[in-house]
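Undergrad: Any chance you can model this:
(2 chains)
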Amino acid sequence: MLKVQHLSHNFGTHWALKNCSFQLEKGDFLFLSGPSGAGKTTLLRLLYASLPVQRGLVEVAGFDLKKLRSGQVPLLRRQVSVVFQDFKILPHRTVYDNVAIALEVRCLPPQHIDRRVRAVVRGLGLENRIGLLCGELSGGEQQRVAVARSIVVNPQILLADEPTGNLDPELSRRMMDIFKQFHTYGTTVVLATHSPELIAQHPKAKLLRLDDGKITAANWPGAVIENCADDDETCAAGRPSGLRIHA
Amino acid sequence: MFGVFCKLFARGIRDFGLHPWAQLLTLAAVTLVTFLSGFFLLCFTNLNQELNITRGEVVYQVFWKADTGMDLVKSRWDEMRHLPWLTEMKTFTPDEALDALLKESQTDGGKSISAHAGWLKERNPLPPTAMLHFSPHEADLDAWNKATHGYLEKLPGVETVRANPLKDDLTKAWKAFANSVMWPVIGFLAFLLALVVGNTIKLSLVHRSDEIDILQLVGARNWFIRLPLLVTGTLQGIMGGTLAVGLLWLAWYHLKDVLNFSPLFMELHFLPFEQSVLLVALPALMGFVSSWIAVRN
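TA: Have a look, this model is predicted:
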């Protein structure tokens, strides 16, 4: 479902990711943890082809992202949904419009779109907000709209970048419940967070810790712990190395 | 699929309301540029038509002295009707000339002359006149002009002879000017048009960057993102072109007789239907192309 091998990425002289390798199967739930600047967002951006793969191999939902042509990017993104910390919703459009947009781009019949949107909105407790402009909603409601837009298309993979970063603890817990519930339908979820409380809510999930662009801890055998030195450029350039740690 | 297309089309129309001032200014700019192009085209077409009509045609207007007896004048008119290459001849006795003048002053709304019609008829100051149209097929046109002018001047009682070979020369000169200047100017105006529309579409892209980001994130194909913007750009062209043609028609309606006087006698005609359609279609095409260039990345 998701395979990353010897992935390195640099912005100028700064290596944001260094020789990362891990693999996820269908239905896995992965927490991507680490401090700010560790490379979590860069890794997620590579997974949904917002950044080009410079070094290494990335396979997502059957797409080899290194060989991905620009015309194939929309096809990948129909399999991979993303939820952001800042929601990325349209404040001047209604809840319905914001959720429906993900189905409209697939040119589905209006009746099908209507049915799906109403079902998902109801599932997330937003049915009495469906006609309101998103700019009029609270932060928690806006985040639920963003989640609704992501799950309404039944993606194979759901990526979430600090999805609870702007929410209070109670809303964060409820948001986590939504992700867990969606995960039970068989979707692979990758959730980037630096919140230990959030991770503690799903003790059975896989965990991968990034520090300064390197994988420094993992709790399952599909990840490679990188132990190369910080100034070792050959390591960042993709030399297969490291110590495999089993949970 | 058709429903999606219609929805995107409608969104393109609705996007006019996103930043109305910018759209309005663009519309004004498109209209102005198209109007100027149309005005140039109008001049060019009319002068071309005039040139085709008057190619090789020479018009002389002969004025007799006011006190010349009409018997003498009429005998000369009979003589002149047999001149070689004459195609048309109009004659005016002083009374006919005065009637024509009074009639024209009434249609112009002038009251000062009409009010003194009775007095003028008793003391008519106008001389007998004749207007002669020739289509001379002469090898040496200048020599023929000189000879004809001399003959008319020497007729008994003739005071003045006005000739208009100038008309032919003027239109020829204008055509040469038009060919070397008109089309580059129209091309330049079309280029300006593309820049103006393209700039507005770029502005629209900046304004909608969040929406475009989201559309890309949820897997929208490029055509899905671009179509509303292309519709907006094309509609700018169509609306600007249509407004410009309307304004051009108004301008033509008020100016159509502005050159219809001696010695030009040019009545302006409105653009042919095909050229009017072109004035709408070209800005629409430029709007589409410039929008396409603006959104291609």
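
Undergrad: Enumerate the residues of chain B near chain A.
TA: Residues of chain B lying close to chain A (Cβ under 8 Å from any Cβ of the partner chain) are B:1, B:3-4, B:7, B:210-211, B:213-221, B:224. Using the backbone N, CA and C atoms, a C-beta is placed for each residue, glycine as well.

Undergrad: Please repeat the previous calculation with a cut-off of 10 Å.
TA: Proximity of chain B to chain A is confined to B:1-5, B:7-8, B:18, B:208, B:210-211, B:213-222, B:224-225 under the rule Cβ under 10 Å from any Cβ of the partner chain.

Undergrad: domains for chain B, by residue range?
TA: As assigned by automatic domain parsing, chain B contains the domains B:2-52+B:170-296, B:58-168.

Undergrad: any chance of the ones you listed in a markdown table, plus mean neighbour count, distance to A:T41 and mean pLDDT?
TA: As requested, the domains of chain B are arranged in a markdown table below (neighbours: other Cβ atoms under 10 Å in any protein chain shown; distance: least, Cβ to Cβ, whole Å; pLDDT from 0 to 100):
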| stretch | mean neighbour count | distance to A:T41 | mean pLDDT |
| --- | --- | --- | --- |
| domain B:2-52+B:170-296 | 17 | 14 | 82 |
| domain B:58-168 | 15 | 77 | 81 |
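
Undergrad: Turn the ones you listed into JSON lines, including distance to A:I178.
TA: Formatted as JSON lines, the domains of chain B follow (distance: least, Cβ to Cβ, whole Å):
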{"stretch": "domain B:2-52+B:170-296", "distance to A:I178": "18"}
{"stretch": "domain B:58-168", "distance to A:I178": "81"}
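
Undergrad: B:E50 is in contact with B:L259, correct?
TA: Yes: if you go by Cβ atoms under 10 Å, B:L259 and B:E50 touch, sitting 9.1 Å apart.

Undergrad: what bits of chain A have low per-residue confidence?
TA: Across chain A, the ranges flagged by pLDDT under 70 are A:226-247.

Undergrad: what sits against the spatially most central residue of it?
TA: Against the mean C-alpha coordinate of chain A, by Cα atoms, centre = their mean, the closest residue is A:L159 at 1.5 Å. By Cβ atoms under 10 Å, 6 or more residues apart in numbering or on different chains, A:L159 lies in contact with A:2, A:30, A:32, A:43-45, A:47-48, A:60, A:80-84, A:150, A:188-192.

Undergrad: which residues of the chain fall in strands?
TA: Answering for chain A, as no chain was given. With DSSP state E as the criterion, chain A has strands at A:2-11, A:14-24, A:29-33, A:55-60, A:63-64, A:80-84, A:157-161, A:188-192, A:206-211, A:214-218, A:224-225, A:243-244.

Undergrad: You answered for a different chain; I wanted chain B.
TA: With DSSP E as the criterion, chain B has strands spanning B:58-64, B:86-92, B:129-134, B:158-163.

Undergrad: Just put those strands in TSV and tack on distance to A:Q72.
TA: Output for the strands of chain B, formatted as TSV (distance: least, Cβ to Cβ, whole Å):
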stretch	distance to A:Q72
strand B:58-64	74
strand B:86-92	74
strand B:129-134	74
strand B:158-163	77
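
Undergrad: among the ones you listed, which is nearest B:V295?
TA: strand B:58-64 (57.1 Å; Cβ to Cβ).

Undergrad: Now the closest one - C-alpha only, PDB.
TA: Extracted in PDB, the C-alpha atoms of strand B:58-64 (Å, rounded to 0.1, in the frame of the first residue of the first chain):
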ATOM      1  CA  VAL B  58     -13.300  62.900 -61.600                       C
ATOM      2  CA  VAL B  59     -16.000  65.300 -60.500                       C
ATOM      3  CA  TYR B  60     -16.100  68.900 -61.600                       C
ATOM      4  CA  GLN B  61     -18.400  71.500 -60.200                       C
ATOM      5  CA  VAL B  62     -19.000  74.600 -62.400                       C
ATOM      6  CA  PHE B  63     -20.300  77.900 -61.000                       C
ATOM      7  CA  TRP B  64     -21.600  80.600 -63.400                       C
END
